[in-house]
Each structure stands twice: as C-alpha cells, then as structure tokens.
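Participant: A structural model of the following input is requested.
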Amino acid sequence: MSVKEMDTIKASSCENNVKQVLKSNECKPIHFTNSFHSDRILEDLQSLRKNEVLCDIRFETDDGCITFGHKNVLMVASPYFRAMFNNFDESIKDLVKISELDSTVLQILLDYIYTGELIMTKENVQVLLPAANILHLDFVITACSEFLQKQLDASNCLGIRAFADLHNCTELLASSETLIKKQFLEVVNSDEFLSLSSDDVVKIISFNDLAVPYEEKVFESVIKWVKQDSDQRKDLLTELMEHVRLPLISSRPDILFNIAKEPLVNNNPKCKDFVIEAYHFNLQKSVQYFTIPQTIRCKPRQFGDSHKVILMFNRSGTSLKCYTEWYNPETKLHEKAPGINNCRWEAGLCVVRDQFVFAVGGVNNIRSQSVSMLDVSSQSPSWVPMADMVVKRRRLGIGVLDDCIYAVGGGDITNPLNNVEVFDVSIQKWRLVASMSTKRCDLGVGVLNNRLYAVGGAAEKNSLKSVEYYDPTLDAWTPVAEMSEHRQGVGVGVLDGLMYAIGGYGGKYLKSVEVYRPSDGVWSSVADMEICRFRPRVVALDGLLYVMGGESDDSIYSDTVEIYNPKTNTWTMERFSRSESRNICKTGNNTVNLRKLDSTVLQLLVDYIYTGEIIVTKENVQGLLPVSNLLQLDFVNGACIEFLQKQLNKTNCLGIRAFARLHNCTELLSSSETFIKKQFLEVVNSDEFLSLSSDDVVKIISFNDLAVPYEEKVFDCVIEWVKHDLEHRIHFLPELMEHVRLPLLKSDILFNISEEPLLKNSPKCKDFVYDALQFNIQKSFQYITIPKTIRCKPRQFGGSQKVILTFNRSNKFPKCYTEWYDPATNLRENAPGINDCRQSAGVGVIGDQFVFIVGGVNGSSSKSVIVLDVSLKSHSWVPMVDMLVSRARPGVGVLNNCIYAVGGLDGTNNLKSAEIFDVSTQKWRMVSSMSTTRSCMGIGVLNNCLYAIGGSSNKHSLKSVEYYDPSLDTWTPVAEMSVCRTSVGVGVLDGVIYAIGGFNGNYLKSVEVYRPSDGVWSSIADMHFSRYQPGVAVLDGLLYVMGGTTSSDNTLADSVEMYNPNTNTWNVMSSGSGILIYGGVVVDRPQHLN
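Facilitator: Numbers count the residues shown, from 1 in each chain. Okay, the predicted model is just below:
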C-alpha cells in the first residue's frame, strides 16, 4: 500500500491511552475507510481485461474486431448488458455479435466502464451518444449532451436539435431550442433552416417565447422557407401561417398591406382568412381598447427569462401617493410601471388573460364607480378609463370568471354591501347579478372550479368567517363551510385546485393560513406566515403563492413579500428594501440605541462579526437566536436553529416549537412539529402538553399526518388536557372535539366515549358523537360513504400522504394484479388482488379513497363494477351495482363525487352513450350521449366539465375532443388535437389538460396540452418512450405516466416517466423493473404503508 493511500485512511478512536482502553474494555469499534479502494479495483480489472485474463465474454462487431470483457463488471455498469446476460440467449454464450455498435465506439465505452474516464471530441460525439443510449450509460449521455451544448451556435443549433430529438436527449433538446429562440433572427438566415421539415418550422415559429422584436420577421422566414422549394412547399403555407401572429403587425399598416399582396398569400383562401383576421383585430382595437385575444395569434410572444412578472401597487409611507412597479420574482428586480393618477389603495385589483389589469372602485379612500384599465401588451402602456360600475364601492372583493369581472360587496364596516355586479367584456357594460346572502366589505375573493367564492370580510363592526360561492350558470349564491377564524381584510389565493385564506384581522392581526379543498368541503390549517398581514395582496405564480404587503398593528409591511411552497408547507420572506428597520432608533449623529439587547449577547455577536466564530450553548441559544434575527445574521441564526434541532426530544419539543413560532423560525418550527407528529403518544404524556393553550392543542390534534395508530388516543389527550384545569378549560371542549376524528373509532370504543360526562353535558359534543354513530351505521350497509368532513377521513402519517395504486399485468400469463407505488421512495408493495383481468376497463377514484374499476372483464365488454376503499385496514375489492350498458374500454371520469362511464365497446360496436353512478342513490342513470361514437378515449375533468379526448370510432383513430357540462346535460365540441390518438393517456394539472401518447398507426410519444383560456392545443416535450394506453397520475405538481403498450406485439412498458411542467422535461423514474403497468390512480396512503 502506498504512503498516499495510508494517509487517506480515516479512523475514529478514543482519546485515552490505547493500553488503558484495551484493559478497561472501553474501546469502541473503529471505522476505517480506504478512499482509493474502488479506484484500485477498477485499475486491476482493466488490466485483466487488456491482458484477456479471466474474461468470460467476447464481442464481435461488424468489422470483425473482437473485444474482451467480464460479464459481472458489464452487468453492474450497464442495464443493456444486465438484460443481455440475464434474460437472453447471450447469457450462455462466450461470443456475442453486436451489429449496432462500431468497434472503436465499443472499445471507448468499455474503457469508460472500467476506468470511469472518457475523452470527448467533435469527431466521436455523434457516434458516442447513440451508443451510450443503447447501453444506458447515463454519465456518457450527459457528457455528450454537455459537450454539444458548449458547441451550440446559430449555424449548428438546428442540426444539434434534430440530433437531440432523434436520441431522446431532453436536456440537449431544451438547450438547443433555447438558443434557437434567443437567436431566431440569425438562425433563420442559415442554410440549416431552409432545409428543415415543415413540422420543424411549425415547432419553431409556434414557440411563445421566440425572441423576435417584430412579428413580420416570422412571416418573412416562412415565405423564405416556402420559396426555397415552392413547388413542393406551397401547399404547406396554410399550416405555417396558422402560427404567424399577423394581428400583432399593427404599428405599420403598410407592412400588413404588403403581406396581403404577397402572391403566395393572395392565392391561398385560408391564408387570406388569416389576413382578414388580422385586419379585423386591429380594426376592433381602434374602436374598442379592451379586446380579448380570441386565438393565440392575437397574443404577444413572451421572450425573456420569465414569462410572468408581478405588477405591484404601492403606497408611499409618508403620503397618500400611490405608484406601481413591475417585480420579477426570479431576478428580484423592480422596474417602474405606468403611473396611476389617483391612489387606489382600497380598490379591487384583477387581471384578465394575464394582459388586462383592472383597478375597480376605491379612489383616494372613498367609494367610487370609477374603473381604470392597463393593457400590459401595449408598446406604450398607460391607464385608461373604462365604463363606470353601477354602484359606488371601496374595500370590495374582485374576481375574474370566464373573462368577466365581478365586483363583490364593499363599502365600509358600518355600511357594507351585499350586491354584486359583473362587467361583460362583449358589451363593455356593468350589470347587477344575484346578491350575496351576507353583507361584506374587506372580503377576499377566489375563483375555483368555475365558481366565485366570497371569503370572510366584515359587517357591522364584526369580522366574518362565513364563505359563500356564486354559480354564474344558476345566478345564485350558496354557503359552504366556515373558516376556523374570523377574517376581515383576508388575502385569498387559488393554487392547484385549492383556495387559501391568508392573514386578515379577527380581533387581532393574523398570520395564520387555512386552505379549502372543494372535494372535502372543509377548511384546514397550513403553516403560519412569519408576520401578521391585514389586507395583503396575493398572487399565484409558478406553483407558489406570493403574499405581499399588508398591515400589522400600526406598521405597514409594504417592503416585504412572503412566498408559500405548498409542497413543503413552508414560507420564506424576502424584503424589497432594507432601508427601514423598526427595531433601530437613531438618537444622535453618532449614537445608535439598540433597545432590549443583552450586553453579553451583543458582545458575542460583535465577536462573531469580526472573527466568523461563535459557540452556541444551551445557556445562550435563547438569547442569541432572536438577536441574530434582528441583526439579520443568517449564519448565526442557522447555527442556533441547528443546535436546537439536535436537542429536540419529547420533553422539550413543545417549548422549542413555541420559541420557534415566537421568533418566526420557519425551519425550526417545521422540525419541532415533525417531531411532535412522530412522537405524539409520548409528547401528550409530558407536563409541557398539559400547560399548552387551547389554540396550540387545536393546532397539534388537527395535523392530518399525526402518527397516532388509534384515534381514541387523540380523544384521551383532549380529555386529560381539559380535566387538568376543568373550571377554566371546559368551554374549550367543543372547539377541541371538532378536530377529534370520532367517526374512525370502533363501535364499542365509540359507545364508551359517548358515556363520558363532559361530552354528555355539551350539546355540540353530543352532535359530534351523533355524527360519528351515524357515519358508522351508514358504513355498515353502504360501502361507499363519502366523508362529509375531515373528521371522517383517516390521518395519513409517514412519508408522502399520497401514493399511486398501479394496475399491472403479468407478461407470462393473462393475469392482472395491483401494487402500491410511492414515487418519493420508488418503492412498491402488493395491493389487494383482482380476480379477473380488467385491462380493458376504465378506472376512476372518488375522494382519493374509493377506487372504481368499470366494465371490461378479461378483454370483453361487461356491466360489472368493483370498488376498493383504501382507508380500510383489511381492504378488498367488492362488487357494486352493475352499469346499464355493457362496456369495454370506456372512458371513466369523476365529477362532483359521481362516476361517469362514457362510450366504449359493447362487444362489436363503438358507443356514444354515457351514464353516471350517483353515490347518494347508489344507482346508475343515463345522461346525454356524445356527438361521436368513441372507445379507447381519454377522460379529463376540468372546470366542472368532463372532456372526452380522442379515441377510436369504426377502427379509425380520432383527434376530436368534446366536453360534458353536467349543469346543462350537454356535450360541446372544442378544438381538435394536432394528431389522432387512440388509447391516449390524459392528465389534468394546474388547469391544463395533457394528452399523452396513444396510437394512430404509429405508437406515439408526443404530448400536447389544452388550456381552456386559449382554446387551443399546443405541443410540449415528448416522452422518452412511445406509450399506447398508458396510466396517468397527477401528484405533487408532477405528471406520472406509467406503462402502456410500446409495440405491435402488445409488449407493455415497464417504466414510469415523470413530467415537470416548470421545466418542460421528462425523467424516467423506474425502468427495467419487469413490472408491466397499464394504469394507475392517486389515492390516500393506506395506513398499513406507514
């Protein structure tokens, strides 16, 4: 062994003398690590291979060259070789012919496998990358992609893009397309552009973020490409012109006039229609300032780092002057925005189509009918007056629904309003609609599932916690569950199908946040903000919530924004300006008085500033942390948090949690609450628990992921807490019992609890017991019982609260089986078996709890329906009421807790009929039929409508799409997809429908998306693999696409791909596992998986 190797061996030993330690038997085991071990082994193996020693495999390439190797080494390094030597004939051979690889390339890749080293050149990169793809050598693939990314320029980016697309190099494809977008004007002048296919030209000119200053440049590139081979290409002009945004060529009418005179355009009827559309749009703009784009061609392209920015309305702290700024959350940069004449501090603010900003009412702190509008797409945007409202308003709620603006309530605390009016864009007028049931000012408004929610507010000097929603199809308001707290001046944001009520005032300034899930019909708490905020503004952007400004006590936090990440349930705070600090008071020219600071702590922190060193102890940490917060010493703050995290145990976690909340330490608060959840049974036995406030007890027992095996333990701790100071705590019992999930208890335990005197003497608590008994009785005779409140839903502790139930098929037998799949850990576990193979059935899930398999038994049509309740501890599939029509390969969707079975095959014919299973009646009934017969379609549910997508009719693939509106019982066609897709996978994420893969004569890996606001389909990144009839699941803001058939021999894919809409990329989650998946749904994590 070399000296260098010896120096790197690390040991952890005792400090005592070796002989003494050995004698006293106190020496602990020592862990040695030789960091050169793996390198030495690989060097020796490479030497053995070069000398053809112990080699058990030879490879012969087409040029006759022989290359040697060791099977065990190659199997470990490459999934390709693992499959070859495990499952194929080559496993018993010592000579294998490889025709796909050149001998030079094979030698380079084998050298890499044995050494971990690789030299990339422009001569070998184009053969190395596809070869590395074949052998699944991820590092080499990445290295090739990185090498080519560094070579990218305007002259070669199109070729590199085609190369990346051919070999499924997602990152390289994205990089090349980014360069094409940024350098479009240079790229279109290259010879490479003129030799592109029409599909590639369409792909490029349809980029929304194309960096082109004037749209006529896009038109010129199209005409130049067509004229390069006019005879062959002139018929493609229509398809290309569909993606040229002619309506945007408005600054110079002569340009549009010259375009119209171009012979290729003038002689093409469809292209003339595009010119007419452009003329019409510009004519409309000249007489009507507010014109909503009807197609993507009327929307400006958005190039630059971020496609979205926030328009902030600010108020000067020293005057009533208001001003606006553009704020880019990615760069944290501010830029002055168009000024607004009056101060609209108490106006309602909203935006239509991310383009038209409205400031409604509330001028200079008085009621007003005035409305101002800003078109941010204009080259010189300015605020212009719009039609006045019918009613004068201030402190109103504002929302946008179907491109109409709703002004809701308003006024002031002593004279609030309940009337509502809507601005109809088509007629440019306001009109009154149905009034709310409650008068409200200072309310929040959220738009969710095609409904307008009025949240909280104030009336007659009282804050409100009531919530109601407006349904425009019925012109009626309906109350829903109340919030847990009264909230006046509440901020409201809608993100991923959830509505957040943020801060406000309810007797005190609030930093608490609660969320409403329409599927559950209840409000539940999430993490608090760091500071209290009254009348904050809330914006949803890129999967995050931005909460800006607002008031707290007598301070205005106009210089801070807090950002909520729903995936981690955490807030982070950013300060727009640090020029003002309310903890520092200037008393003279040279003296600063730091109030309430201990001199010892201050000395420690000043020493840290000068030395970079600090010692944190249990004696000083409680003084250091708040002061480091005050002085914004992030390192010290982090050190204190880390120190306290290491001290966490069942006796102090509640105290540390209270300390973290007091000083807005989000990370420490999260760690302490995680510890409390995991160690709940031990924590509630501590003295600290019995001394908690009622609010803290409510917060803890309302955690959905509380690690409690039996709900009676929660009940026991509540009763013990109340009895600890019965006289002062008895009146808190109803509030606490609201968070105990009594319906989950067994009947005998529930009976014993019902005899508890404290409950029997409380009418509200008796109601909770009654609800629990009723739920259990209902479950005894009705298998599907939808939880009406959160109390009826099992807690979900451990890992992720959701998993995917996958439907799999054996490759050896026509046998189907199911598994629980956790994407977070990539682990699988057997799920309840199904007697028959239901690969041709439809699957739907209600409330993430009840999984339905509809029709399609053993490849034949069937009326059969089975269901699984994942919340049961001993779950199994049980039969449900048969459908009215026998169906195979139907579309299945869930809307308002009802199962829809759509189309399919009845054995010989395609169907267009549809039926619905109503849980409340436990019966199927027919609804309106589709306009087209369809089987093998995809189903998506969005905005309270059911979309039937693609499919097959009379052996022909379809690209048509139609949606069902249950309030009208009608089907309506929408825009067609770009290609036909039979057995298409469909997922709905963040208000967008994804059509994934399918078959149309070819097995497809392409994906396109539909945004109802735009009314068109557009392409996104392709998957890595073609997939026919894949399973699609949406979880934590990502799309999971599972299995599906990949070729004409009905081979099922054994891989899962994950799509991230923020990066427009696909990642293969699991591959080569041998598990053949044909479907999957997201469900609540079963308790036994915890």
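Participant: okay, now E727: neighbour count?
Facilitator: 6 (other C-beta atoms under 10 Å). Placement of C-beta: from N, CA and C, glycine included.
Participant: just V309 next, same as before
Facilitator: V309 has 20 nearby residues by other C-beta under 10 Å.
Participant: How about the backbone phi and psi for it?
Facilitator: phi -130, psi 170 (degrees, to the nearest 10).
Participant: what sits against it?
Facilitator: W326, Y327, N328, P329 (C-beta atoms under 8 Å, 6 or more residues apart in numbering).
Participant: Next up, the contacts around the nearest residue to L246 once chain neighbours are set aside.
Facilitator: Spatial nearest neighbour of L246, excluding adjacent residues (C-beta to C-beta, 6 or more residues apart in numbering): A278 at 3.7 Å. By C-beta under 8 Å, 6+ apart, the contact list for A278 reads L246, P247, I249, L256, R297.
Participant: Mind giving me the ChimeraX command for buried ones among the contacts of V309?
Facilitator: Only the buried entries of those go into this ChimeraX selection, using 16 or more other C-beta atoms under 10 Å:
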select :327,329
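Participant: For the contacts of V309, work out which two are farthest apart.
Facilitator: The most widely separated members of the contacts of V309 are W326 and P329, with 10.9 Å between them, by C-beta to C-beta.
Participant: just curious, which of the contacts of V309 is nearest to E711?
Facilitator: P329 (41.5 Å).
Participant: Let me know the pLDDT of the closest one.
Facilitator: Looking at P329, its pLDDT is 82.
Participant: For I310, give its distance to L401.
Facilitator: To L401, I310 is 21 Å away according to C-beta to C-beta, to the nearest Å.
Participant: Give me the below-cutoff pLDDT ranges for the stretch 151-300 of the chain.
Facilitator: For the stretch 151-300 of the chain, applying pLDDT under 70 flags the ranges 250-253, 285-293.
Participant: can you map out the helices along it?
Facilitator: 157-166, 170-182, 184-187, 191-194, 198-205, 216-228, 230-233, 237-241, 253-261, 263-266, 269-287 (DSSP state H, counting those that start in this stretch).
Participant: so the last one versus helix 253-261, what angle?
Facilitator: Spelled out, it's helix 269-287. 160 degrees (axes from the mean of the first three to the mean of the last three C-alpha atoms, to 10 degrees).
Participant: returning to what we had before: save the helices of the stretch 151-300 of the chain as TSV, and put in distance to Y453 too.
Facilitator: TSV is the format used below for the helices of the stretch 151-300 of the chain (distance: least, C-beta to C-beta, whole Å):
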stretch	distance to Y453
helix 157-166	44
helix 170-182	38
helix 184-187	43
helix 191-194	50
helix 198-205	40
helix 216-228	41
helix 230-233	52
helix 237-241	42
helix 253-261	44
helix 263-266	48
helix 269-287	33
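Participant: Out of these, the one nearest P1030 is which?
Facilitator: The nearest among the helices of the stretch 151-300 of the chain, by C-beta to C-beta, is helix 170-182 at 17.7 Å.
Participant: Could you dump the contacts of A278 into a markdown table with neighbour count and distance to F356 added?
Facilitator: Formatted as a markdown table, the contacts of A278 follow (neighbours: other C-beta atoms under 10 Å; distance: C-beta to C-beta, whole Å):
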| residue | neighbour count | distance to F356 |
| --- | --- | --- |
| L246 | 27 | 21 |
| P247 | 26 | 16 |
| I249 | 22 | 21 |
| L256 | 21 | 23 |
| R297 | 20 | 18 |
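Participant: biggest separation within those residues, which pair?
Facilitator: Longest span within those, C-beta to C-beta: L256 and R297, 13.0 Å.
Participant: So for the two, which residues contact both of them?
Facilitator: With C-beta under 8 Å, 6+ apart, L256 and R297 have common neighbours L246, A278.
Participant: before we move on, the earlier item: quickly list what's touching both of W326 and P329.
Facilitator: V309, I310.
Participant: Tell me which of the helices of the stretch 151-300 of the chain sits nearest to N637.
Facilitator: If we rank those by C-beta to C-beta, the stretch that ends up nearest is helix 170-182, at 36.0 Å.
Participant: For the spatially closest residue to N168 that is not a sequence neighbour, which three-state class applies?
Facilitator: The shortest distance from N168 to any non-neighbouring residue, by C-beta to C-beta, 6+ apart, is to H1024 (5.0 Å). Assigned with DSSP: H, G, I helix; E, B strand; the rest coil, H1024 falls in the coil class.
Participant: Where do the domain boundaries of the chain fall?
Facilitator: 3-35, 310-575, 636-792, 802-1089 (automatic domain parsing).
Participant: quick revisit: show me the contacts of V309 that map onto strands.
Facilitator: W326, Y327, N328 (DSSP state E).
Participant: Looking at the residues you listed, which is nearest F999?
Facilitator: N328 (42.9 Å).
Participant: partner residues bridging that closest one?
Facilitator: Assessed by DSSP bridges, N328 has beta-bridge partners L333.
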